[in-house]
Every structure is written in C-alpha cells, then in structure tokens.
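*Asks:* generate coordinates for the sequence data below:
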Amino acid sequence: MVSDQDEIMLLKFEESLTEAEMSASTVVNYLADLRVFLRWGKREIGQHFSLAQVSPDQVRRYRFHLAQELNRAAATVNRHMMALRKFFALAKEMGDVTADPTSEIALVQENGQAFSRPLSANETARLLAAARHGSRAGLMRRDLAILQLLLHTGLKVSEIVALKKDDLEFEYPGVQLKVCRRDGFDSETKTRHLPLAGDVCKALHEYLKVRPQTSTTEHFFLSQEGRPISQRTVQRIISDCAKAVGLEGVSAQSLRRTFALQLFSETQDLGLVSERLGHQSKAITEQYLAVHENQEVGNRK
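*Replies:* Residues are numbered from 1 along each chain as shown. Predicted coordinates for the structure are as follows:
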C-alpha cells in the first residue's frame, strides 16, 4: 500500500510535469514506472520502503532486477531509470529529498550490460600515462592522484570530491584513507578505512606539494583557484585522459568496477570487496560483479 507521503510526492511530481507541458502520455508512463518501483521496493525491501528514503544501492538493485532477473530490454530498463532520475531531480529541487540517489547510476548499455566495462591492465596503464603527460601541466599531479584513487580504492566520484585533508591518516603503518559517508542517504555517519598502495601514496604526496595553500577549505582536491572541485570536473578528467589515448566507453564507474573485479580476482573474498566498496550487503556486491548463481563466488565469510 502506498503511503500518504509517497502519494503526495507523486502528486507534486505529476503537477511539475504538467506545468512543464509534458505530454499526457509521458506523464502517465512516468507515474506508472514509479509505482512499479514502489511495489518492488515494498516487496523486496519491506513495507517501510518510501520514495523519501531511497538509497543508490536500492536503485542499483532495482536496475539489476529489471535487466538480469526479468531480462527486460535495455530500452525498457533505461525508461524506468529515466523516470527515477526525473522524479528524484525534481524531488531534490523541491526539498522532498536531501540527495538524489540516481545521480551516479549508469544506464544499461544496448547489449544489456548494466555496468560499465572494466579496463584491462594495458588500458589502465595508458589512462595513467595520459594523466602524467597531460597538456594541463599545472593540474597534472592532481589529475593523476584522482585517477590513482579511483583505480586503486574504488571510490565513487561523490566520495572523491568530498574528501578532506584530515581523511588521509599517516599514522597508520603505511597510509590509509578514511572515507566518511557524506551523501545524505543515511542519518548515521558511516566510515570505512582503505589501505593505500605505494603508487597511490606517491601520487597523493606529489599533489600535496602543489595543492593551493591560499584556500581556507578543508577539501583535499581543489581547482587552480583554490575551490573544491565538482563531480563534473572529475568526470571530465577521466573523459579527457581516455580520449587522449583512444579509449572509448570509459567512465568513473569503469574505474570503480575495474578495482572491484581485480580485488575479487586476487582474493576471491566477496566480503572484502563489499567492505571496500562501501556496499550495504554482499548481495549488492555480487550483483555489481555480475556473478551468476552457477559461478563460483569464492569466500563469503
């Protein structure tokens, strides 16, 4: 049963679409797709499921459900995702939600794959080389540090731009990164600690040497003007480096999935991969790795 709060949110969404002069059929289809999502959530997550408290992991589970469990066509899955994107963008704009859970959710590719492709070792090396020899000399160290973190920690773009100077802990044997969940989807703060490899540490140290010192912000990654960088900036760094060496279809999700698949290949430990990625459950990680029931998924401890 749909709660009064959800009905109010759906009504406000319908009114916004109507005011924007969207066609009646588009409005009807959007609302129908949202109600399908609501029914799925109450069935799979619980009767407490509400549009006001949807997390990115729940959107990923729903996308997996449509693409893999129901084997829906890519166009159908993407139609549902676009309905959710539109709804949550407007809900955030109106103050009904504090954060958009769909902001980093990729659409399904036409071959039905719901996840960005991982990079090979050769492609990874080429991408990093592009950052090292980039035309923006003043930003080269920053861009390289960002790519190293994405490839070797599996951080999300939102986590990269939210990093603070104090999140680097040098007291640890070696260096580790403290990642606090600051995305607004949970009332409690969740923190995970990620060990950093030598190449990553070196890249971070090199960036600190040129990081703007005049800024009063505690954000770790800054623009040349000393302001915190945006998610769009990170995405542009990835895109520019990929294009420079002729790589296609490379995104932040590609780098995150490259890290996840490599870690799972090396350890066969689903729990470890889940912990490093910050997933709420191993089931989400299993879906993320696209491991099917008839495949060996290794250590589930």
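
*Asks:* just the helices from the stretch 1-150 of the chain, written as ranges.
*Replies:* Remark: helices assigned in the stretch 1-150 of the chain by DSSP state H, counting those that start in this stretch are 4-19, 24-44, 56-64, 74-93, 121-132, 140-153.

*Asks:* can you tell me which of the ones you listed is most buried?
*Replies:* Ranked by mean neighbour count under mean count of other Cβ atoms under 10 Å, the helices of the stretch 1-150 of the chain are led by helix 140-153, which reaches a mean of 24. Heads up, the C-betas are built off the backbone N, CA and C, glycines and all.

*Asks:* give me the below-cutoff pLDDT ranges for the stretch 201-301 of the chain.
*Replies:* Scanning the stretch 201-301 of the chain for pLDDT under 70 picks out 214-215, 290-301.

*Asks:* try the stretch 1-150 of the chain
*Replies:* Per-residue confidence for the stretch 1-150 of the chain (pLDDT under 70) gives these ranges: 1, 110-115, 135-138.

*Asks:* give me that answer again for 50
*Replies:* Along the stretch 1-150 of the chain, segments meeting pLDDT under 50 span 112.

*Asks:* coming back round to it: distance to Ser103 for the helices of the stretch 1-150 of the chain - can I get that in TSV?
*Replies:* Converted to TSV, those look like this (distance: least, Cβ to Cβ, whole Å):
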stretch	distance to Ser103
helix 4-19	17
helix 24-44	16
helix 56-64	8
helix 74-93	8
helix 121-132	23
helix 140-153	17
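
*Asks:* looking at those, which is closest to Gly198?
*Replies:* With Cβ to Cβ as the criterion, Gly198 lies closest to helix 140-153 of these, at 10.0 Å.

*Asks:* buried ones in stretch 229-238?
*Replies:* For stretch 229-238, a neighbour-count test (16 or more other Cβ atoms under 10 Å) marks Ile229, Gln231, Thr233, Val234, Ile237, Ile238 as buried.

*Asks:* okay, and which of these map to helices?
*Replies:* When the buried residues of stretch 229-238 are checked against helices (DSSP state H), the matches are Gln231, Thr233, Val234, Ile237, Ile238.

*Asks:* nearest residue to the first one other than its sequence neighbours?
*Replies:* Nearest non-adjacent residue to Gln231, counting by Cβ to Cβ, 6 or more residues apart in numbering: Val157, 4.8 Å away.

*Asks:* which ones are touching the closest residue to Ser16 other than its chain neighbours?
*Replies:* Closest residue to Ser16 apart from its sequence neighbours, by Cβ to Cβ, 6+ apart: Leu90 at 5.2 Å. By Cβ atoms under 8 Å, 6 or more residues apart in numbering, the contact set of Leu90 is Lys12, Phe13, Ser16.

*Asks:* nearest to Arg256, of the residues you listed?
*Replies:* Using Cβ to Cβ, those come closest to Arg256 at Phe13, 30.1 Å.

*Asks:* how close does that closest one get to Ala91?
*Replies:* Distance, Phe13 to Ala91, using Cβ to Cβ, to the nearest Å: 7 Å.

*Asks:* re the thing from before, so who does the residue nearest to Gln231 touch?
*Replies:* Glu104, Leu150, Gln231, Val234, Gln235, Ala252 are the contacts of Val157 under Cβ under 8 Å, 6+ apart.

*Asks:* go again using 6 Å as the cut-off
*Replies:* Residues near Val157 by Cβ atoms under 6 Å, 6 or more residues apart in numbering: Gln231, Val234, Ala252.

*Asks:* number of nearby residues for the last one?
*Replies:* By the criterion of other Cβ atoms under 10 Å, Ala252 has 23 neighbours.

*Asks:* and it, how far from Leu147?
*Replies:* Distance, Ala252 to Leu147, by Cβ to Cβ: 10 Å.

*Asks:* could you do Ala129 as well?
*Replies:* Separation of Ala129 from Leu147 (Cβ to Cβ) stands at 10 Å.

*Asks:* also Glu248?
*Replies:* Look at Glu248 and Leu147: by Cβ to Cβ, they are 17 Å apart.

*Asks:* could you do Arg79 as well?
*Replies:* Using Cβ to Cβ, Arg79 is found at 33 Å from Leu147.

*Asks:* next: Ser116.
*Replies:* Distance of Ser116 to Leu147, computed by Cβ to Cβ: 15 Å.

*Asks:* now swap in Ala106 and tell me
*Replies:* 19 Å.

*Asks:* can you tell me the closest non-neighbouring residue to Leu204?
*Replies:* Distances taken as Cβ to Cβ, 6+ apart put Ala145 closest to Leu204, at 5.3 Å, once the chain neighbours are dropped.

*Asks:* dump the residue contacts of the one you found.
*Replies:* Ala203, Leu204, Tyr207.

*Asks:* in stretch 92-106, what's buried?
*Replies:* Counting neighbours by 16+ other Cβ under 10 Å, stretch 92-106 gives Lys92, Asp96, Val97, Ala99, Asp100, Pro101, Thr102, Ser103, Glu104, Ile105, Ala106 as buried.
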